[in-house]
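Asker: sharing a model prediction with you, sequence too.
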Amino acid sequence: MTVHCFTSISFSYLAKARVLASSVKRYHPDWWMVVCVTDLPPPGFNFRIEAEDFFDEVIWAHDLPIEAVQAWLFKHDVVEVCTAVKGPVLRSLLNRGAKKVFYLDPDIAVLAPLTPMVEWLDNDSILLTPHQLEPDDTVQAIKDNEIGSLIHGIYNLGFLAVNNDANGLAFADWWDERLRQFCYDDKARGLFVDQKWCDHVPAMFDGVKVVRDPGYNVASWNLSRRRISIPASGDILVNGKPLRFYHFTKLGPIGDAMTRRYAGDNVEVYEIWSWYKRAVDEFSEAQIPDGYWHYGHFSNQRPIHKQARVLYRSSPELQSTYQNPFEVTKSSFYTWLRKNHRKLAA
Amino acid sequence: MVEIDRSNPMPARHLRRHWKRQTSRLMLSIAPILPESFSARMRRRMAKAMGDAHPPVDRPIGIETPRASIIKAKRPKSGRDLPNWILYLCLRVLAQQYWVFPAQRLYKFRKSANKRAVLLNGGNVRQVLQEMAHDGLDYSRRRPSYGFDHPIGFRANMLVNLRPFELQIADSIHRPVKRQPINRSNFIAALNIALSKSDGAGVLALSHDNYRTNVGGLQLCLLIEEAAFLNRNTAYIHLYPARSVSALAPQEMLSNFEFGVTLNGEWFGHILARDLLEDITAVTGKGGRFFMAVHSLLGHSTEITARLYHACAPERAFFWLHDYFSLCPAYTLMRNTVSPCGAPPPESAGCGICHVGRHRTLHLNRLRALFSEIPFTVVAPSRSALDLWQRASDLAFSVALIQEHCELHQTSEPGVGQPPSVGLNAQDGSRLNIGYLGLPMLHKGWSVFAEVARELVGHPDFSFHHLGKAKSREAPPGIAFTPVTISSGDWAAMSAAVRSKRIDIAMLCSLWPETYNFTAFEALTGGAFILTLESSGNIAAMVRDHNCGMVFGDEKALRKAFTDGSLVREVRDRLRRNRPRYELVHRNMTADLVA
């Protein structure tokens, strides 16, 4: 029985996804590793799945069974769309017979076998990892972590595991439908991409297991209550339990600052980050420009502002008039934008 | 906190454009302290933000390498005041992003930016740095290595500066080596003469460098061993890899692998391994006892070492555990250079995140092949080293034994020319002299010493000294340096220096599990009290065995002892007692084992 594991990226995240895939394959060489790419390769870069060492399959977002897919892609910014595709991909993997499906964010690395999770799925249908497992005790940490989770969602959707049973399928169907319509970063309306939706899951579906082992999904938002150690056995432990996977959220100055704030003098945390940065460097491609995203531009290479996307997605009239809003012609959405919202077409 | 500069208000309609320009000017001025890639992006932004008024600077701006010196950026035209708080935020963001070298960068920035501070008309860098220091962000120190208040101290710098191991090896392979080819006929003649004089008795010793020109504990061992064998009329042939590599020599180097050769203390030059094998085969095996002593395989090839063994067919082959290179390419067993790892299984998660982790399996496979071919007598200089090695190694060997490098002889009186007592400073209530002995290397505990010295410089109870061959370029101010060089004629130079500088406390806080550590014994015979860490291997064992110091669980406990006064009390109390005095007698290394 093959476990399917998928991740979702734009090409800017390819190096991270390769680190993830290599770490998954290190412990689970038999897992079927899928990458969903919501992007097109930049000029000069040829992405071939056969040449990828750790991916078994690529699913292109524009090939997903989504109605008016170009318009749908346009409605989302990069984070929104890369999370929105998780629903359709999960559903399609389950529908084609995958028994157990794992989703892992591309900025995660697996550091020990995930076998316990595979086994939990024999009895449970859906596995979720909360951002926090125990209360914080400083105002700063409460603001950063607990209140952050109230805003962005209790469960971190960098990880999700679903069994192909009635509960799992019901969840996948519901999540897919919601994400197709409402996968936006619009916190004022109670939305935060795919993540906030899953606050409903324990109430709506049976067979949900909330993973309360500190070894899963360690990240800056729970480091305040987790201490990493590496004894002479070479195992990486979190509060004495094996570290299964680490979520390297916000690689860069913000991630560094948050790690520093909550890891304190826990040297092993910085070592893990140091390894991750080296690994990402190693898997990086010089041909992929920083911040590259094909769907971030109109066909004339002008950047697409978030407000233009919001304008488009909130207007059924615009959507029906301009079915491929990326293209630039005399009667395109871009031309309309130039005429009516000049700043957004700059 | 820096106050917002609200003087000289301007109409709101100009404010946005004004700040945009001012920020661009700031970006321009700080661009030289940023990496090349960042500078390139910044240039593009500047080009966009500044328009024709301040055209982007194509050259020179940015830095070629992360440590490259500042290249003068083209100055923007003078402008209006830049509020300090913007500068504060920018510097703080920079510092957070580049906590690798922020102090160094900002120091350079400050040096050059003092001029730019004028240019910025109010963006007073010094003042802002002071404000940052008040916030606990002291980036104004001269050197970054231990000056940055990161929660993990100097280890933060080590981790960020850590280069992938494969790049380190590639650097070694491609680094030009000054070759001095051996005159083969002269060498063969000298070899024949040496072996005929010794009736065919000889030793083939291997280590990682030329022990006659480099300084260190291992080199001292070889000097002693060479002298002992020469005294016994035994030829001493020493080989080291001509190209220094911090791993086993990669396979691609083997066809042209070269040794540096020393015969009976005389350096002959470089020779190809295949030529040397021919020569050794031709001259050895003519009677007399022949031995092989492997002191270090760093930079060597296990395959060529095996062929050397077969070529000279020694009576016995000794493998010395001066370090743990036979367990891991990271021979100090420091994961990512910052944490003692204890040599876990190579497939462990700990090795998985280590900078040498992935190379360890191949490394061990090559060593297994070597040890299966050569029935080594494994010699450890301490019980702690042998215990660790046997616990972590699966290498086959003939015999394992312990031979310490020195013997400590207790003496009742100080030696001739020595002061009657050490620790006088401590007894009369004045400052304790704290010393670091040896080369200023991170794994030897230099950074631990330097951090303590930096924190306590000027403290009425302590003064800090560094005794060694070379002064650290990154030494914090306030550490008095005394040059001490140990040579074949003066092996007790360090002990004598400890006495003459009246070092009360030797801080030997090695971060790695030392297999022996001469320095600790030299400190003891010099009369110093030793402070060390639990992680220091044989130093901690020796301190406990001789009750000659204190062993701390970690650096926090060590620093606490300095600051809460307990160290001063303990040391003064101990120094007042009638302590035994010791004399150090060096053993003859392999020569003692083949007597």
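Answerer: Perfect, thanks for sending it. Numbers count the residues shown, from 1 in each chain, chains lettered A, B, ... in the order given.

Asker: strands of chain A, residue ranges please.
Answerer: All strands of chain A, identified by DSSP state E, fall at A:3-9, A:32-37, A:57-60, A:100-104, A:108-110, A:126-130, A:155-163, A:185-186, A:191-192, A:208-210, A:228-229, A:237-238, A:241-242, A:245-247.

Asker: closest to B:Ile224 out of the ones you listed?
Answerer: Closest of the strands of chain A to B:Ile224 is strand A:228-229, at 40.7 Å (criterion: Cβ to Cβ). Bear in mind the C-beta positions are built from the backbone N, C-alpha and C, glycine included.

Asker: circling back to that earlier point, distance to A:Val269 added to the strands of chain A, as a markdown table?
Answerer: Compiled in a markdown table, the strands of chain A are given as follows (distance: least, Cβ to Cβ, whole Å):
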| stretch | distance to A:Val269 |
| --- | --- |
| strand A:3-9 | 23 |
| strand A:32-37 | 27 |
| strand A:57-60 | 33 |
| strand A:100-104 | 20 |
| strand A:108-110 | 13 |
| strand A:126-130 | 18 |
| strand A:155-163 | 17 |
| strand A:185-186 | 28 |
| strand A:191-192 | 26 |
| strand A:208-210 | 24 |
| strand A:228-229 | 5 |
| strand A:237-238 | 10 |
| strand A:241-242 | 15 |
| strand A:245-247 | 9 |
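
Asker: give me the domain ranges for the chain.
Answerer: In the absence of a named chain, this looks at chain A. Annotated domains of chain A cover A:3-214, A:297-345 [automatic domain parsing].

Asker: actually chain B
Answerer: Following automatic domain parsing, chain B resolves into domains at B:12-161, B:173-407, B:410-587.

Asker: ok, which of those comes nearest chain A?
Answerer: Nearest to chain A, of all the domains of chain B, is domain B:173-407, at 2.5 Å by Cβ to the nearest Cβ.

Asker: rewinding a little: make a markdown table from the domains of chain B and add mean pLDDT, distance to A:Val162 and mean neighbour count to it.
Answerer: Formatted as a markdown table, those follow (pLDDT from 0 to 100; distance: least, Cβ to Cβ, whole Å; neighbours: other Cβ atoms under 10 Å in any protein chain shown):
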| stretch | mean pLDDT | distance to A:Val162 | mean neighbour count |
| --- | --- | --- | --- |
| domain B:12-161 | 47 | 37 | 17 |
| domain B:173-407 | 93 | 26 | 19 |
| domain B:410-587 | 84 | 44 | 19 |
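
Asker: quick one on the thing from earlier: figure out which of the strands of chain A is closest to chain B.
Answerer: By Cβ to the nearest Cβ (comparing all of the strands of chain A), the closest turns out to be strand A:241-242, at 7.9 Å.

Asker: so which of the domains of chain A is the most packed in?
Answerer: Across those, averaging neighbours per residue (mean count of other Cβ atoms under 10 Å in any protein chain shown) puts domain A:3-214 on top, at a mean of 19.

Asker: got the phi/psi numbers for the residue of the stretch 51-200 of chain A found nearest chain B?
Answerer: Residue of the stretch 51-200 of chain A nearest chain B, by Cβ to the nearest Cβ: A:Leu111 (5.1 Å). Dihedral pair for A:Leu111: phi -120, psi 0, per degrees, to the nearest 10.

Asker: any bit of the helix or strand bottoming out on mean pLDDT in chain A sitting next to chain B?
Answerer: Of all helical and strand segments in chain A, the minimum by mean pLDDT, DSSP states H and E falls on helix A:253-263, at a mean of 88. Yes - judged by Cβ under 8 Å from any Cβ of the partner chain, helix A:253-263 comes into contact with chain B through A:Pro253, A:Asp256, A:Ala257, A:Arg260, A:Ala263.

Asker: with stretch A:214-232 instead?
Answerer: Yes - using Cβ under 8 Å from any Cβ, stretch A:214-232 reaches chain B at A:Ile230, A:Pro231, A:Ala232.

Asker: in a strand, B:Leu401, correct?
Answerer: Yes - with DSSP: H, G, I helix; E, B strand; the rest coil as the criterion, B:Leu401 is part of a strand.

Asker: wasn't B:Asp387 part of a helix?
Answerer: Yes - per three-state DSSP, B:Asp387 lies within a helix segment.

Asker: measure it to B:Pro340 for me?
Answerer: 15 Å (Cβ to Cβ, to the nearest Å).
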